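> Next one to model:
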Amino acid sequence: MKNFLVKTIANAGALAVAVWLLDKITLTGGSTGKKAWTLILVALVFGLVNFLVKPVVKVLTFPLFILTLGLFTLIVNALMLLLTSWLADKLDLSFHVEGFWTAVLGGLIISIVSWALHVVLPDED
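Residues are numbered from 1 along each chain as shown. Okay, here's the model as predicted:
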């Protein structure tokens, strides 16, 4: 359970950095507390998308991973971020990613920040 909580906090932090750096990734809301709660909920959705959908997409697009020497991962990460944005809209969460190239850059930022936070935060169960 502690590992799940740490990963969710790391995802929320990475999403917060992407929202802060990119104008076309938006998190709207009233107070700071409401934004933080929304960010945690979006991080949960993002984690669920990465847990359920991303492995299937990676298996189906394995030849493209080989052909591009792994660079296709950027496209897959962007698609997962766009799917998270779409699901957030359906769940009435105030998180939105505008455009594919913003999602590519956002996915790159989230990957780097999430990796750095996982290095710093403890990960034992």
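
> Would you list the phi and psi of residue 27?
Per-residue torsions, residue 27: phi -130, psi 100 (degrees, to the nearest 10).

> Helix or strand: which one has the closest residue to it other than its chain neighbours?
Nearest non-adjacent residue to residue 27, counting by C-beta to C-beta, 6 or more residues apart in numbering: residue 19, 4.7 Å away. C-beta here means a position set from N, CA and C on the backbone, and glycine is covered the same way. Using DSSP states H and E, residue 19 falls within helix 2-21.

> Run through who's touching that helix.
25-27, 39-40, 42-44, 46-47, 95, 106, 109-111, 113-114, 117-118, 121-125 (C-beta atoms under 8 Å, 6 or more residues apart in numbering).

> Select from those every entry located in strands.
Using DSSP state E, the subset of the contacts of helix 2-21 located in strands is 25-27, 95.

> Tell me the most packed of those, by neighbour count.
Counting by other C-beta atoms under 10 Å, residue 95 has the largest number of neighbours within these, with 25 neighbours.

> Quick check: it touching residue 27?
Yes - Residue 95 is within contact range of residue 27, at 5.4 Å (criterion: C-beta atoms under 8 Å).

> what sits in contact with each of these two?
Taking C-beta under 8 Å, 6+ apart as the contact rule, residue 95 and residue 27 both touch 15, 19, 38-39, 42.

> Of the residues you listed - the most surrounded one?
residue 15 (26 neighbours).

> Output the lowest mean pLDDT helix or strand found in this structure.
Least confident helix or strand, the chain: helix 2-21 with a mean of 89, by mean pLDDT, DSSP states H and E.

> re earlier: just the buried residues from the contacts of helix 2-21, in PyMOL please.
Command for PyMOL that selects the buried part of the contacts of helix 2-21, burial taken from 16 or more other C-beta atoms under 10 Å:
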select buried, resi 25+27+39+42+43+44+46+47+95+106+109+110+113+114+117
